[in-house]
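**Q** sequence plus the predicted model coming up.
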Amino acid sequence: MTLVIDGLRKRFGDVQALEEVTFAIRPGEVYGFLGANGAGKTTTMRIMLGFLKPDAGTVTWMGQPARTWPRKTWGYMPEERGLYLRMPVLEQLVYYASLYGVPRGVARKAAIDWLARFRIAEFADRKAESLSKGNQQKVQYIATILHDPDVILMDEPFAGLDPVNVALLKSAFVEMRDRGKTLVFSTHQLDQAEELCDSVAIIDQGRIVTAGPTRDVKRSTGHQVVRFATAGDGDLAWLRSLSHVTVTRPGNDYTELRVDTGSDPQAVLRAAMARGADVLRFEVADPSLEEVFVERVGKLDVEERTLAAAQDRS
Amino acid sequence: MSTISNIGAVARREFTVRVRTRSYIFATLLVIVGVAVIAFVPVIIRYIDRGDTEQVAVYVGPSDLGTDPVTTLTMLLNAPTDTGQASEPERPDFAVTRVTDLAAARQDVVDGTFTALLGIERLASGELDFTLFTDANAAGRTAALVRQASNTIAFADRLDRLGIAPSDQATLFGPASFGVQWPDPARTEPIRDTVAMVGRDILAFGMTVLIFMIILMYGTWIAMSVVEEKSSRVMEVVLNAATPFQLLAGKVFGVGAVALTQYAAIVLVGGAALLAQGPVASAVLGEAGTATALPEGLTIELLLLFGVYGVLGFLLYASLYAAAGSLVSRQEDVNTVVLPMTLLSTGGYLIGIYAATGLLDIRAGWIVVLSQVPFVSPFMMLGRIATGVAAPWEVVVSVGLLVVFIGGALWLAARIYAAGVLLYGQRPSLRAIVRLVRVGM
């Protein structure tokens, strides 16, 4: 009863875009697909939707090959936003929905509702080209979900949005999840993923590095993070002398420490008490997704691999 | 969603979006006005010409002429010519007046009372001598007509002097018995006269030009619209909802419907204008309604075949234009990538036109073979049918081949399209295209 991506491989000319991509998405969860540019996110999504044929591997939804499900099962928001620029907003929303078999009247009503929710109702009869980038993106999102798909795939949905619109979009995500929809989105903004996703997969150079519930992924590094602060400008040099502890982020407000796997974070607190320090803050947490990512993949903004160029050559 | 309804939805969008653009409406109106004006040209010319009766004076020196030159001139100057119609009796082209004072009449021509004065004298040799006094062109229409009429008067005068009675002269000048027959004794249907044949040829020629224009213009349009969807990146949005084949077919049918609408408007307006000519002419010119007929040679059969070859030719080329458009991602590259189709259609068109107009032998074996080739047949068969050299089976075979090829072209185009629409950046090489068609994307 899941969306299973099993052993995908795909080569464009002399670039191996996907080496081995396997992960599973449970129905009704919000799934984050994380990776740097060129890691293979878009290619994987295009294969999941049947735009591209994999060299090997399968995609199944509820046990059936994904391609055999009706098209209206899927909603897709591509990374490159696209609208008919010279076509009025409402008219093109109705058009997209009609391709999925939604009656025009129903689509029209639903589209008007969504436009109002996104506070762009007054643009319904305006041409798409007259809208700002952020508003075009909202229209794009409505186009993705207007036919009420069960699985919604979005490629970098937050890219280029201001904080207000990010919040609007997030609340729309949560609403879709509450309606029982399965949401998959790719992003390289790891804080967004951390906030929204029940599960994540990290992809690098065409391989899944790690995948699973967000909590498990965060714990997969084995170490924990301690955020620690004492009263006064205490000399914290003693922290460095503790075994299995590394200072990762010395700061004014608090100091962040990494406690190696198998060591007890409480040892830090005990050591502080022993020194008579006035502890203001002591917090044990899992590492952030960003830390996991950096540890597993390296720097986030790794040089973009030229997948597009490879596709041209093929 | 079913294939048919998706093709319908795509075609519907293509059609409505295009038909309401200002440039399309403007172009269509312009063409419609043009067609109406051209259709009304005969009425307009007659309106301008009306009441334009030329006053011609005749001075007859000798008194021994057997027939009155005034009668002869009036009849001959107003006689129907092979280029125009006879002038109406109540408003003749020429009015001929007899004058008795040559010098005064010459002054009248100078003053403009008469446009010309014909002086007739008898020479010492007995021959008549004609002199035309006019400010108008010596080689003009009036001068030419008067010269012809003068010849006739001179002939009649010579025959008079030879003693042949005027009643016998009519027999003498009667036309010879002359007939035209088919070279093939087996052919029994009545031979077509010049007007019908020329009419049919010109019609077939015009229809071929129209088919060529539709294919070239709207084919490029389709390629442009594919590239527009790619460059605006809307392609991936619709690709999730509809298959490449549905998108391709919808585009071809939608733009095809735009083309059909435009040409239907032209044909309707043109037809209505032709039919309205009689009533309009009588209203404007105040005459009894002149009978107006459809152009000579315009048969239901020819019109029907025009539709068949036009539509099939468009479908064949349009699907390839769409496939070509999917291979590039910028508008600037469209012209390059559609070049093969443009060359192919232009070549077929030129051969078709040359064959129809006699520059190439329309019965030559290679022309017959070529006129069956689907990419060429829409440009050749109408001409061959109009000139009557195409057997019915040839028509059937060429239409059948076209249908088969359209199926193949749609299949090939959908394969290219499916791979091409996700292709961004540089134009792929021919080898890459072949590979895409073979294995897909």
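**A** It's in.
**Q** could you list every helix and strand in contact with the host helix or strand of A:Tyr31?
**A** Per DSSP states H and E, A:Tyr31 falls inside strand A:30-34. Where contact means 3 or more CB pairs under 8 Å, 6 or more residues apart in numbering or on different chains; DSSP states H and E, strand A:30-34 is packed against helix A:41-48, strand A:182-187, helix A:190-196, strand A:199-204. C-beta: built from backbone N, CA, C; applies to glycine.
**Q** ok, the following helix or strand past the longest one: who's next to it in the sheet?
**A** Past helix A:41-48, heading to the C-terminal end, the next element that is a helix or strand (DSSP H and E) is strand A:56-61. For strand A:56-61, the paired strands and their directions (DSSP bridges) read strand A:3-12 (antiparallel), strand A:64-65 (antiparallel).
**Q** out of these, deepest packed?
**A** Highest mean neighbour count among the strands paired with strand A:56-61 (mean count of other CB atoms under 10 Å in any protein chain shown): strand A:3-12, with a mean of 19.
**Q** which outside residues touch that strand?
**A** With CB atoms under 8 Å, 6 or more residues apart in numbering or on different chains as the test, strand A:3-12 has contacts from A:16-27, A:43-44, A:47-48, A:52, A:54-61, A:66, A:151, A:182, A:184, A:206, A:307, A:310-311, A:313-314.
**Q** in chain A, what residue is nearest chain B?
**A** Nearest residue of chain A to chain B (CB to the nearest CB) works out as A:Gly82 at 3.2 Å.
**Q** okay, stretch A:219-239 in PDB with CA atoms only?
**A** Once non-C-alpha atoms are left out, stretch A:219-239 reads as follows in PDB (Å, rounded to 0.1, in the frame of the first residue of the first chain):
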ATOM      1  CA  ARG A 219      19.300   9.800  14.300                       C
ATOM      2  CA  SER A 220      21.000   7.700  11.700                       C
ATOM      3  CA  THR A 221      24.200   9.600  12.200                       C
ATOM      4  CA  GLY A 222      24.400   8.100  15.700                       C
ATOM      5  CA  HIS A 223      25.400  11.200  17.500                       C
ATOM      6  CA  GLN A 224      23.400  13.800  19.300                       C
ATOM      7  CA  VAL A 225      23.500  17.500  19.700                       C
ATOM      8  CA  VAL A 226      23.700  19.400  22.900                       C
ATOM      9  CA  ARG A 227      23.000  23.100  23.100                       C
ATOM     10  CA  PHE A 228      24.500  24.500  26.200                       C
ATOM     11  CA  ALA A 229      24.800  27.900  27.900                       C
ATOM     12  CA  THR A 230      26.100  29.100  31.300                       C
ATOM     13  CA  ALA A 231      25.800  32.400  33.100                       C
ATOM     14  CA  GLY A 232      28.500  34.900  32.500                       C
ATOM     15  CA  ASP A 233      31.300  34.800  29.800                       C
ATOM     16  CA  GLY A 234      32.400  31.600  31.200                       C
ATOM     17  CA  ASP A 235      35.500  30.000  29.800                       C
ATOM     18  CA  LEU A 236      34.200  27.000  28.000                       C
ATOM     19  CA  ALA A 237      37.600  25.700  27.000                       C
ATOM     20  CA  TRP A 238      37.000  22.800  29.400                       C
ATOM     21  CA  LEU A 239      34.300  21.500  27.100                       C
END
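**Q** pull out the buried positions in that stretch.
**A** Residues of stretch A:219-239 classed as buried: A:219-221, A:223-230, A:234, A:236, A:239 (neighbour count, 16 or more other CB atoms under 10 Å in any protein chain shown).
**Q** format those as CSV; extra columns: pLDDT and distance to chain B.
**A** Listed next are these as CSV, based on pLDDT from 0 to 100; distance: CB to the nearest CB, whole Å:
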residue, pLDDT, distance to chain B
A:Arg219, 84, 36
A:Ser220, 82, 33
A:Thr221, 80, 36
A:His223, 83, 41
A:Gln224, 85, 42
A:Val225, 87, 39
A:Val226, 87, 45
A:Arg227, 87, 43
A:Phe228, 85, 48
A:Ala229, 84, 48
A:Thr230, 82, 54
A:Gly234, 62, 55
A:Leu236, 71, 52
A:Leu239, 77, 51
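**Q** residues of stretch B:159-167 that come out buried?
**A** Buried-residue list, stretch B:159-167, by 16+ other CB under 10 Å: B:159-160.
**Q** residues near the residue of the stretch 201-350 of chain B found nearest chain A, how many?
**A** Closest to chain A within the stretch 201-350 of chain B is B:Arg233: 3.2 Å, counting by CB to the nearest CB. Number of residues near B:Arg233 (other CB atoms under 10 Å in any protein chain shown) recorded here: 16.
**Q** touching, it and A:Glu80? I think so.
**A** Yes: using CB atoms under 8 Å as the test, B:Arg233 is close enough to A:Glu80 to be in contact (4.0 Å).
**Q** from B:Arg12, how far out is A:Leu242?
**A** Between A:Leu242 and B:Arg12 the distance is 72 Å, computed by CB to CB, to the nearest Å.
**Q** could you pull up the mean pLDDT of the helix or strand harbouring B:Tyr47?
**A** Per DSSP H and E: B:Tyr47 is located in helix B:41-49. The average pLDDT within helix B:41-49 is 71.
**Q** can you give me the strands in chain A?
**A** A:3-12, A:15-25, A:30-34, A:56-61, A:64-65, A:74-77, A:151-155, A:182-187, A:199-204, A:207-213, A:224-230, A:245-249, A:255-259, A:279-285 (DSSP state E).
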